[in-house]
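Participant: okay, predicted coordinates and the sequence, questions at the end:
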Protein chains: 4
Amino acid sequence: MQPVYRLTIACPDRVGIVAAVANYIAGMGATIVEANHHTDTVNGWFFMRHEILASSVPGGLETFRDGFAPIAQQFDMRWQITDSAKPKRIALFVSKESHCMADLLHRWHEGDLPGEIVCVISNHDLLREQADWYGVPFHHVPVTADNKPQAFAEAFRLVEHYQVDVVVLARYMQILPPEICSAYAGQVINIHHSFLPSFAGARPYHQAYERGVKLIGATCHYVTEVLDAGPIIEQDVIRVNHGHTIEDMRRLGRDVEKTVLARGLRYHLEDRVLIHGNKTVVFAN
Amino acid sequence: MQPVYRLTIACPDRVGIVAAVANYIAGMGATIVEANHHTDTVNGWFFMRHEILASSVPGGLETFRDGFAPIAQQFDMRWQITDSAKPKRIALFVSKESHCMADLLHRWHEGDLPGEIVCVISNHDLLREQADWYGVPFHHVPVTADNKPQAFAEAFRLVEHYQVDVVVLARYMQILPPEICSAYAGQVINIHHSFLPSFAGARPYHQAYERGVKLIGATCHYVTEVLDAGPIIEQDVIRVNHGHTIEDMRRLGRDVEKTVLARGLRYHLEDRVLIHGNKTVVFAN
Amino acid sequence: MQPVYRLTIACPDRVGIVAAVANYIAGMGATIVEANHHTDTVNGWFFMRHEILASSVPGGLETFRDGFAPIAQQFDMRWQITDSAKPKRIALFVSKESHCMADLLHRWHEGDLPGEIVCVISNHDLLREQADWYGVPFHHVPVTADNKPQAFAEAFRLVEHYQVDVVVLARYMQILPPEICSAYAGQVINIHHSFLPSFAGARPYHQAYERGVKLIGATCHYVTEVLDAGPIIEQDVIRVNHGHTIEDMRRLGRDVEKTVLARGLRYHLEDRVLIHGNKTVVFAN
Amino acid sequence: MQPVYRLTIACPDRVGIVAAVANYIAGMGATIVEANHHTDTVNGWFFMRHEILASSVPGGLETFRDGFAPIAQQFDMRWQITDSAKPKRIALFVSKESHCMADLLHRWHEGDLPGEIVCVISNHDLLREQADWYGVPFHHVPVTADNKPQAFAEAFRLVEHYQVDVVVLARYMQILPPEICSAYAGQVINIHHSFLPSFAGARPYHQAYERGVKLIGATCHYVTEVLDAGPIIEQDVIRVNHGHTIEDMRRLGRDVEKTVLARGLRYHLEDRVLIHGNKTVVFAN
């Protein structure tokens, strides 16, 4: 895979945006590898993502940025361009259940995750050895009823220390304080073990069992101040029936959880997700 | 398809139930075509369904019933036995949208629905011609803010008149009064156009659009006094993305609605659904 | 839904295509409602589809075409632009099974199909009444071992007579002669009742049953000279198990067949499908 | 989870089987936790599986077996009863790709796999460290064009040495010799990276890409002398489109492969799979 630049744009919709961007890219003789557009005709908003072959951009990222800034200003764009050669740095927050962590570590180890897992932070000391095997630093930051402010301060001091780009709550089971949610808006991804908005909050498989649903699911979403209510990136479901106990649901659900998290995280790492209000535009592949 | 008897049983779980039932059936030399068991180990309850070749039961249904009654009493069974040669009689309640009605009428016309559609009742006079083509009586029973008690009384007078076994709310868009819900408990099936318990109530596709979910669904359930909260028979979902408008969701959702309703209704018509509390045991095939 | 023009383009990939197209569109002040791009980096080919608000194009379709021709020539484009206000004309070819025909007729009747069903042609006289109800002319063109050339000639004489844009083999169960397949390349759509390339040819559900697969499916594809081997537009599957007979598979399969056909046909009608070699680019929504 | 006995039965169908078995179980006062029946009415064959609470069987497994033998003889049963407290012993055969091995090892480590992984055998020495971390012996048995008979002899000598009950080809990429396939019939499980019978043999994702299918899949099946043609245990699919390269398909496919293998293997480990001819009865949960 040759390195690419990923240009993402969101702005009010009007005539001429695509032409301006395409002219700029074509003007420097650069090669577009993938292009996606979305016009939200309800809200009059426009979204765009390009993958551009890095080697085809004369002068590289800085030159591109400098030249593009006036266009961005002209169209009131919220925009960024990133380099696939500089993968995002990931912190995994975990608790006792290991399936999501193990799955992500394995993908990363196999070169299958377009990001760098730089640390694991846990409120329990149970999963240290698995992280060790992958050579990823593991930090035990206990969280109790009494020490929450200090614990989360310490955890996010580590996040800063490791220059983390994205925090992944890989079945962390703790609710982050609102001020952290806002400070890191769009940078914290959670996997919730239900098909949201059904069964938000605690013990979703118990809730699903009690309600007698015929499908259970998982939801990968950005964390906001409101519990389990942030912008959804990805969801999936699996069929269950009357014969499945809560324990069976937990077992079946783990497979959905880890797959949905890995898929949603990949989209984020490749800058395929554009947040708009409380929703996402996901240029999936 | 040779006619079968369908024996369904629910009772407290204990040793010897299966043996007693199997001995009784084997004792008369009858042939079991399909058998399903479910033990709810959490609540200590047992569920069972048999399809027995009708021609293999000496003396037929009444003889079977008489001989079985003592066994049923011994084990405190809630039970019934029905004859596939006497299909259940169905009333379709519809409003303006025709996709569920048309789908069920077509299945029935093709011999693909194990029941008899005996009438269509609608609060609008829009779908009469489609029902006419199938030779099914269509009754226009308008419902207004002022006439609800009389309208529902009239609708269910027709239900009685046609000796209906099961009422299907095929996108009826009206909320039945609680006293009818209880009087016809387990006999009224609704299709709700969301993956319940998400987006109960009005305009579920609008709710789904606003929340930004990545899958939309439909739920077939028994109607109870609590809106969209009755025992779930069947559910399914379809993938959507940021490019789908509410109108797109409605279009995609219609396919899920009609399929889920047809599947759930079939289970009911073949006595595959056993209601227990607010949940169902569905011996699907 | 306001009328749109649908511009589709396929050409060798090189720098400047998007810019040239976007400039042309922006230059006339036209509004893009939906845009899709695909670069086939393996074969160096580029595909593009735009929906442009018809009312925003000064001078309309002909003016657009005249101005665009030089650009198309410059980039060696295979291209077309169509008007959603002039829906494609559809002929349904059917045999004895009605589920696909009934489903498409109903969608069309409800305004849910972006095309016009202008005639039904059948080798049996069984489904005439259903077509009649919808006011669609039904032609019985019997096909026997002896009259095949004449029969297909007559059928396609009718296709010409009705100025048909797309022929839909809605479970037609006849193999079109090769010369017709080539004459109407890209204009004949078939629904095959298996997940191709598995179980091509006759009696796919029997084949699936014998092989003991755990999922059955359906495939919507363009017809070519090679049986069941043309470019695939859409596929889907449904789960089966050991308890399902061939008859059960046929029943479950019918739901997949009609849904997959309706979906694939919609893509074609909205010019969302670009054929390239024996594959398709489908800009689905 | 309390230990259970798993009784599986296959025999010609006739009146009285269920009664005989149920009487025997009830006669000893034993508790049935789960029961499944299947009558193959086409072939006149009957299949049955019971989970019986071990602690409720007086005298344990041997007593059960002795008492049951006459019944089995009377009805010409192929049968077995196993003890969940004695989990099956598993050998993983792997090559270069680690995703299936890693997934199974992790499930096993978490207590999530109802079996014991007792060794890993590989034709390459690449995955040793991952196996080491889990404390599972890793054997490198190279396979070359010249040494095949000796290599497979050595591999299956190890299988015997470790008293293996089931061999899992977890992306082993080698074709076992026919004599081993027959000697270990029903004891070797393969994961094939396509939706069989499509794309049997080598490079299925390349085949899928060339054919332009819209879904890719994976198949878990028993190995027989005929390549990729043995009884299918489990299958699943995932959607792809024109934008997916072969490499993307391999990435997406890995998730399906590991999930389908884990599911199919679980069914085997819990004696939920009954092979009959070239098909399976799978009493899934």
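Facilitator: Received the coordinates, thanks.

Participant: who are the contact partners of residue A:234?
Facilitator: Residues in contact with residue A:234 (C-beta atoms under 8 Å, 6 or more residues apart in numbering or on different chains) are A:219, A:220, A:260, A:263, A:264, A:267, A:282, B:214. Every C-beta, even on glycine, is put in place using the N, C-alpha and C of the backbone.

Participant: residues of the helix or strand harbouring residue A:68 that come out buried?
Facilitator: Per DSSP states H and E: residue A:68 is located in helix A:60-74. For helix A:60-74, the neighbour count (16 or more other C-beta atoms under 10 Å in any protein chain shown) marks A:64, A:65, A:68, A:71, A:72 as buried.

Participant: please apply the same query to stretch A:111-123.
Facilitator: For stretch A:111-123, by 16+ other C-beta under 10 Å, it's A:113, A:114, A:115, A:116, A:117, A:118, A:119, A:120, A:121, A:122, A:123.

Participant: so which bits of chain A are right by chain B?
Facilitator: When proximity is defined by C-beta under 8 Å from any C-beta of the partner chain, chain A lies next to chain B at A:38, A:40-42, A:47, A:195-199, A:211-215, A:217, A:231-237, A:241-243, A:245, A:278-282, A:284.

Participant: got a quick ChimeraX command for the buried subset of those residues?
Facilitator: To isolate the buried members of the residues of chain A next to chain B in ChimeraX, using 16+ other C-beta under 10 Å:
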select /A:38,40,47,195,196,197,198,199,211,212,213,214,215,217,231,232,233,234,235,236,237,241,242,243,245,278,279,280,281,282,284
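
Participant: out of the residues of chain A next to chain B, list just those in helices.
Facilitator: Under the assignment DSSP state H, the residues of chain A next to chain B contribute residue A:211 to helices.

Participant: name the SS class of residue A:274, please.
Facilitator: For residue A:274, the assignment made with DSSP: H, G, I helix; E, B strand; the rest coil gives strand.

Participant: ok, back up a step: what's the closest of the buried residues of helix A:60-74 to chain D?
Facilitator: residue A:64 (24.1 Å; C-beta to the nearest C-beta).

Participant: and the closest residue to that closest one other than its chain neighbours, how many neighbours does it have?
Facilitator: With C-beta to C-beta, 6 or more residues apart in numbering or on different chains as the criterion, residue A:64 has its nearest non-adjacent residue at 5.5 Å, and that residue is residue A:57. The number of residues packed near residue A:57 is 19, by other C-beta atoms under 10 Å in any protein chain shown.

Participant: strands of the stretch 1-150 of chain A, start to end?
Facilitator: A:4-12, A:32-40, A:45-53, A:78-83, A:88-94, A:115-122, A:138-140 (DSSP state E, counting those that start in this stretch).

Participant: give me phi/psi at the nearest residue to residue A:95 once chain neighbours are set aside?
Facilitator: Sequence neighbours aside, residue A:173 is the residue nearest to residue A:95 in space, at 4.4 Å (criterion: C-beta to C-beta, 6+ apart). When read as degrees, to the nearest 10, the backbone of residue A:173 gives phi 70, psi 20.

Participant: pull the number of nearby residues for residue A:173.
Facilitator: Residue A:173: 14 surrounding residues under other C-beta under 10 Å.

Participant: which residues of chain A lie near chain D?
Facilitator: Contact residues, chain A versus chain D (C-beta under 8 Å from any C-beta): A:1, A:34, A:98-99, A:102-103, A:106, A:110, A:112, A:133, A:243-244, A:247-248, A:251, A:254-255, A:259, A:262, A:285.

Participant: quick one, which of those residues are buried?
Facilitator: Buried among the residues of chain A next to chain D (16+ other C-beta under 10 Å): A:34, A:98-99, A:102-103, A:106, A:243-244, A:248, A:251, A:254-255, A:259, A:262, A:285.

Participant: now for those residues: which two are most distant?
Facilitator: A:34 and A:243 (44.0 Å; C-beta to C-beta).

Participant: hmm, residue A:21 and residue A:71 touching each other?
Facilitator: Yes: using C-beta atoms under 8 Å, residue A:71 is in contact with residue A:21, at 6.8 Å.

Participant: assign a three-state SS to the residue lying closest to residue A:185 once chain neighbours are set aside, would you?
Facilitator: Spatial nearest neighbour of residue A:185, excluding adjacent residues (C-beta to C-beta, 6+ apart): residue A:224 at 7.0 Å. The local conformation at residue A:224, judged by three-state DSSP, is coil.

Participant: what is the neighbour count of residue A:224?
Facilitator: 19.

Participant: same check, this time on residue A:9
Facilitator: That count, for residue A:9 with other C-beta under 10 Å as the rule, works out to 23.

Participant: what sits opposite it in the beta ladder?
Facilitator: In this structure, residue A:9 bridges to residue A:48, residue A:79 when assessed by DSSP bridges.

Participant: distance of it from residue D:53?
Facilitator: Distance of residue A:9 to residue D:53, given as C-beta to C-beta, to the nearest Å: 63 Å.

Participant: same thing with residue A:260?
Facilitator: Counting by C-beta to C-beta - residue A:260 and residue D:53 are separated by 36 Å.

Participant: okay, those two: which has more neighbours?
Facilitator: Higher neighbour count among residue A:260 and residue D:53: residue A:260, with 25 against 15, using other C-beta under 10 Å.

Participant: quick one, grab the pLDDT at the more buried one.
Facilitator: At residue A:260, the model reports a pLDDT of 98.

Participant: which of the three states applies to it?
Facilitator: Counting by three-state DSSP, the backbone at residue A:260 sits in helix.

Participant: let me see the contact set for it.
Facilitator: With C-beta under 8 Å, 6+ apart, residue A:260 has these contacts: A:191, A:217, A:218, A:219, A:220, A:234, A:235, A:236.

Participant: my read: residue A:206 touches residue A:245, true?
Facilitator: No: with contact defined as C-beta under 8 Å, residue A:206 and residue A:245 do not form a contacting pair (10.8 Å).

Participant: many thanks, have a good one.
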